[in-house]
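Q: Pasting the sequence and the predicted coordinates here, then a few questions.
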Amino acid sequence: MTFTKGTEHDREALRAAREFLDEHGGAGAAARVHELVRRNGRWRGQKCVNLIAAESPTSPAVRALLSSEIGTRASGGHIGADSRCFPGLRHADEVEALCVELLKEAFGAGWADQRMLGGMAGCMVAYTALARPGDLMMSVPPPAGGDSSGRSDGPGGARGLRVADIPFDLDELEVDLDAFRREAERLRPRLVSLNQTMVLFPLPVRELKETVAPWGGRLYFDGAHQAGLIAGGCHPNPLDEGADILTGSSGKTFSGPQGGIIAWNDPDLTEPVSTAIFPVLTGSHQMNRVAALAVATAEMLEFGADYMRRTVANARSFARSLADQGFRVLCANRGYTRTHQVMADVRSLGGGLAVARTLEEANIMVNKMLLPSDPDSPDAEPGGIRIGTTEVTRLGFGAAELDAVARLMRRALIEREPVNRIRREVEDLRSGFQTLHYTFGTGAPRPRRPTESAESAEPAVEPAESAESAEVAAKPSGQTSA
Ligand SMILES: *Cc1c(COP(=O)(O)O)cnc(C)c1O
């Protein structure tokens, strides 16, 4: 294979697809796509123990909305007939307004926006609103979990920001606050960006913001991973601690459709953020996704406290089980983790990539991750694996099941048992957990405010709606089924 590492699609994969197309044509390709999606659903959706921290399963209601008609409508602009580029959006406006208000509630924020197509787009919105080309940004370096989202090879670099490191104590995975204060006072960054993709503990948002506030420095919290934990009350809310902007991925712990969310409290940011979103970084923004996001956010408001608390408790107990099975789990002295993530040092087992591949053969999904002790270089082979407990928690796994997974991982990786045998046991274990929890669909949701939810069961008829229903009612009765 002539794979040019990390810079383009695998050319061999594209060549094979080209050959398939040449042989089977477009209709054949369409059939093949259906087949592949079905297989993927059976394998990843039913037979695997997915421990990829960047994933979560969406509820059936959220998935259904993703294929709804509303996703075919052009949505460019801001909510409201006066601001949209297109007519016919009265229902869409209401869906989107509900989504915004749900997001504001989830993040305790004065403002929020639903239009970004990914967490990464959210980063670019934040950089566009908070900084100008040439400004200096201090961000989390990769050995401390920093994602490219905050580095010069990501959207910050494309925005023309200069990047400097936030100093970390890499043993404790804590910001070295004394060193940070010295560096920040010397460099006077316009922006501090907290952009961890490996995230085990909350960061000292308040102290960082207080340090840069004297010269008007801004603090941006890229909570791609933490968004669900924050909404569920299991992670400090950065907005309460002085962050100017919070963004998140809606498909990681937040457990909604993949996309981006953003929230802020400073009224002066509303225009720059909104105009960075439209017309700069979105045109149509997939209203099927927004409808799904609204429902996912409602689920998070309803069930998030319990769901996220269990997710973190599962991560901690899984970390202990892994350590008991002989794995080198990071940060034992700090209780391993306070998020959905666990990090293990697997250098002695062949490194992160090899271990993730072996586990993939066993239907256990984790991903390779740079360790704090790995060299800070783009060519470094990650010596760790990152494990996340969001999906297994939504499926109902608890400490006992995760202990069983840790034992299977020991047998696959340390005892090197044949991987086929491990895979069968993984599939057995997973077969008993096929129902997603924390959804309005399974079981009766427990309304938080009984009176309000009783009201909402019979919504007031809006003027626009009544005009339409009058029209429907005027048709022959056989055609009025709603
Ligand atoms: C995953 C991640 C992103 C990108 O989010 P997407 O929703 O995948 O676009 C940005 N920042 C951080 C820190 C991440 O971990």
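A: Happy to help now that I have it.

Q: Now do stretch 66-85: everything it contacts.
A: 58, 86-93, 95-97, 100, 257, 274, 278-279, 282-292 (Cβ atoms under 8 Å, 6 or more residues apart in numbering). In this view, the C-beta of every residue, glycine as well, is placed from N, C-alpha and C.

Q: can you list the residues of the stretch 301-450 of the chain near the ligand?
A: Residues of the stretch 301-450 of the chain lying near the ligand by Cβ under 6 Å from any ligand atom: none.

Q: hey, where'd the helices end up in the stretch 301-450 of the chain?
A: 352-361, 390-394, 399-413, 419-431, 450-457 (DSSP state H, counting those that start in this stretch).

Q: which helices and strands sit right next to the first one?
A: The criterion is 3 or more Cβ pairs under 8 Å, 6 or more residues apart in numbering; DSSP states H and E, and the helices and strands that helix 352-361 contacts are strand 367-369, strand 384-388, helix 399-413, helix 419-431.

Q: before we move on, the earlier item: just the helices of the stretch 301-450 of the chain: most buried one?
A: With neighbours taken as mean count of other Cβ atoms under 10 Å, the helices of the stretch 301-450 of the chain reach their highest mean count in helix 390-394, at a mean of 26.

Q: Figure out how far stretch 225-241 is from the centre of its chain.
A: Centroid displacement of stretch 225-241 relative to its chain, using Cα atoms, centre = their mean, to the nearest Å, is 13 Å.

Q: Which positions within it qualify as buried?
A: 225-232, 234-239, 241 (16 or more other Cβ atoms under 10 Å).

Q: what do you get for stretch 184-199?
A: Buried residues in stretch 184-199 (16+ other Cβ under 10 Å): 184, 189-199.

Q: Next, see if it gets close to the ligand.
A: Yes: Stretch 184-199 comes into contact with the ligand (Cβ under 6 Å from any ligand atom), by way of 195-197.

Q: Dump that stretch to PDB, restricted to CA.
A: The C-alpha trace of stretch 184-199 is given here as PDB (Å, rounded to 0.1, in the frame of the first residue of the first chain):
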ATOM      1  CA  ALA A 184       1.400  34.400  29.700                       C
ATOM      2  CA  GLU A 185       2.600  37.600  31.200                       C
ATOM      3  CA  ARG A 186       5.600  37.500  28.800                       C
ATOM      4  CA  LEU A 187       3.600  36.600  25.700                       C
ATOM      5  CA  ARG A 188       0.300  38.300  26.600                       C
ATOM      6  CA  PRO A 189      -1.800  35.900  24.400                       C
ATOM      7  CA  ARG A 190      -5.000  37.100  22.900                       C
ATOM      8  CA  LEU A 191      -6.500  33.700  23.500                       C
ATOM      9  CA  VAL A 192      -6.100  30.700  25.700                       C
ATOM     10  CA  SER A 193      -7.600  27.600  24.100                       C
ATOM     11  CA  LEU A 194      -8.300  24.500  26.200                       C
ATOM     12  CA  ASN A 195      -8.700  21.800  23.500                       C
ATOM     13  CA  GLN A 196      -8.100  18.400  25.000                       C
ATOM     14  CA  THR A 197      -8.900  15.300  23.200                       C
ATOM     15  CA  MET A 198      -7.400  13.100  25.900                       C
ATOM     16  CA  VAL A 199      -9.100  14.500  28.900                       C
END
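
Q: and the gap between the spatially most central residue of the chain and residue 308?
A: When Cα atoms, centre = their mean is applied to the chain, the residue found nearest the centroid is residue 252 (2.5 Å). The gap separating residue 252 from residue 308 is 12 Å, by Cβ to Cβ, to the nearest Å.

Q: residues shared between the contacts of those two?
A: Contacts common to residue 252 and residue 308, judged by Cβ under 8 Å, 6+ apart, are residue 228.

Q: Tell me which residue of the protein lies closest to the ligand.
A: Going by Cβ to the nearest ligand atom, the ligand is nearest to residue 119 of the chain, at 2.5 Å.

Q: Return the member of the residues of stretch 184-199 next to the ligand nearest to residue 44.
A: Nearest to residue 44 among the residues of stretch 184-199 next to the ligand is residue 197, at 20.9 Å by Cβ to Cβ.

Q: which residues sit in contact with the closest residue to that closest one other than its chain neighbours?
A: Nearest residue to residue 197, sequence neighbours excluded (Cβ to Cβ, 6 or more residues apart in numbering): residue 147, at 3.8 Å. Shown in contact with residue 147 (Cβ under 8 Å, 6+ apart): 140, 154, 195-197, 222, 224.

Q: Contact residues of the stretch 1-150 of the chain facing the ligand?
A: 54, 118-120, 123, 147, 149.

Q: Apply 5 Å and report the result again.
A: Residues of the stretch 1-150 of the chain lying close to the ligand (Cβ under 5 Å from any ligand atom) are 118-120, 147, 149.

Q: Include pLDDT and distance to residue 17 when you put those residues into TSV, please.
A: Shown next, in TSV, are those (pLDDT from 0 to 100; distance: Cβ to Cβ, whole Å):
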residue	pLDDT	distance to residue 17
118	97	24
119	97	28
120	97	25
147	96	29
149	96	29
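
Q: between those residues, which has the most around it?
A: Using other Cβ atoms under 10 Å as the neighbour test, those are led by residue 119, with 29 neighbours.

Q: Ramachandran coordinates for the residue nearest to that one when sequence neighbours are not counted?
A: Closest residue to residue 119 apart from its sequence neighbours, by Cβ to Cβ, 6+ apart: residue 249 at 3.4 Å. Main-chain torsions, residue 249, degrees, to the nearest 10: phi -90, psi 130.

Q: Quick check: bridge partners of residue 249?
A: Beta-bridge pairing for residue 249 (DSSP bridges): residue 260.

Q: how many neighbours does it have?
A: Residue 249: 27 neighbours (other Cβ under 10 Å).

Q: so how far is residue 87 from it?
A: From residue 249 to residue 87 the distance is 32 Å (Cβ to Cβ).

Q: cool, residue 178 as well?
A: For residue 178 relative to residue 87 (Cβ to Cβ), the value is 58 Å.

Q: How about residue 237?
A: Using Cβ to Cβ, residue 237 is found at 38 Å from residue 87.

Q: for the spatially closest residue to residue 226 that is not a sequence neighbour, what are its contacts?
A: In space, and not counting its chain neighbours, residue 226 is closest to residue 235: 5.0 Å by Cβ to Cβ, 6+ apart. Each residue near residue 235 by Cβ under 8 Å, 6+ apart is listed here: 202, 223, 226, 229, 338-339.

Q: Repeat the analysis, applying 7 Å as the threshold.
A: Counting by Cβ atoms under 7 Å, 6 or more residues apart in numbering, residue 235 makes contact with 202, 226, 229, 339.

Q: tell me the pLDDT at it?
A: Predicted confidence (pLDDT) at residue 235: the value is 98.
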